[in-house]
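Participant: have a look at this prediction, sequence included:
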Amino acid sequence: MGGFRAAVITFPGSNCDRDMAVALEMISGTAPIRVWHGDADLPDRLDFIALPGGFSYGDYLRSGAMAANSPIMRAVKKAAERGVPVLGVCNGFQILTESGMLPGALMRNRGQTFICRTASLTVENNQTLFTSGYEAGAAIHIPVAHHDGNFFADEETLDRIEGDGRVAFRYNGACNGSQRDIAGVLNAAGNVLGMMPHPERAIDADHGGVDGKALFESAVNTFVGA
Amino acid sequence: MKVRVHVNLKPGVLDPQGRAVHHALEGLGFKGLEDVRIGRLVELDVADDTSDEVLDEMCRKLLANMVIENYKIEKPETV
């Protein structure tokens, strides 16, 4: 068996790409390939793609709007259509909604302030390749650090994604004004997950908990089992 | 040709910035304020023969996020 072949995309202004790479290497045992946003192609035979947090293009126009149109995103979209798992965290989530790969939009936090704290989340759906390592309904603690994490979608879309089990994580209690306290959303096929909380920041007991580990373990185990 | 694109949040989408500015204006003593909505003005300088379809496409693909925003294109008066 070859190693877990993951790619971490770096956009100008990404600042969680290193943490994401460290988390993936710690859990999978293989260092991910680092990919620059201006590349037109992804490495072949990828098992996982991560869009990290940060402030790509200085959040110009709207958070994630510029990055969603960068050359590499065309390749990411195609890979996702082929079924490659794609995880977008924080700015990565914003890029996924802006590119239309996930429903909804991420608006300025309701309270106008940047929120930087550990959030309590509920695992709403543990039957996904990103969450199978969690107990259903488990309460987990993962850091959030964002200004634009206020998830918005119209009622019809919200009802549909809820009905299809596409809400992966929900905040326990109000966090940033998100509709129905949604913290993480899946695409219809279940291989693209966007979430505002940072699981890659919760993999080391010395750095505020390890509740993020199971997310990466789930993805790696899905790969091993395949 | 100078074209102005006004991008605003759709009705019904909560505007946290607008709400904060609303409160701030009331704090300054201004009365009778019903609502404040904040948008964005994008000024484009484009070739004179740029079609309305192309301008629409620019708005839908990038300038506005159609999930939460509407846009209005304002072209110079043709005399």
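Facilitator: Good, I have the coordinates.
Participant: so the residue of chain B found nearest chain A, which state does it fall into?
Facilitator: The nearest approach of chain B to chain A comes at residue B:67, 4.2 Å away (Cβ to the nearest Cβ). C-betas here are computed from N, CA, C, even on glycine. Residue B:67 carries the three-state label coil when classified by DSSP: H, G, I helix; E, B strand; the rest coil.
Participant: who touches it in this structure?
Facilitator: When contacts are counted by Cβ atoms under 8 Å, 6 or more residues apart in numbering or on different chains, residue B:67 touches A:97, A:103-105, A:152-153.
Participant: per-residue pLDDT, it?
Facilitator: Note on residue B:67: pLDDT of 95.
Participant: from residue A:140, how far off is the closest residue to residue A:110 other than its chain neighbours?
Facilitator: Nearest in space to residue A:110, with sequence neighbours left out and distances taken as Cβ to Cβ, 6 or more residues apart in numbering or on different chains, is residue A:177 at 2.6 Å. To residue A:140, residue A:177 is 21 Å away according to Cβ to Cβ, to the nearest Å.
Participant: could you do residue A:88 as well?
Facilitator: If you go by Cβ to Cβ, the gap between residue A:88 and residue A:140 works out to 18 Å.
Participant: per-residue confidence at residue 38?
Facilitator: Went with chain A since none was named. Looking at residue A:38, its pLDDT is 89.
Participant: hmm, no, I was thinking of chain B.
Facilitator: 94.
Participant: that one contacts residue B:14, doesn't it?
Facilitator: No - if you go by Cβ atoms under 8 Å, residue B:38 and residue B:14 don't touch, sitting 11.8 Å apart.
Participant: wait, what's in contact with the residue lying closest to residue A:114 once chain neighbours are set aside?
Facilitator: Using Cβ to Cβ, 6+ apart and skipping the chain neighbours, the partner closest in space to residue A:114 is residue A:147 (4.6 Å). Residues in contact with residue A:147 (Cβ under 8 Å, 6+ apart) are A:59, A:63, A:108-109, A:113-115.
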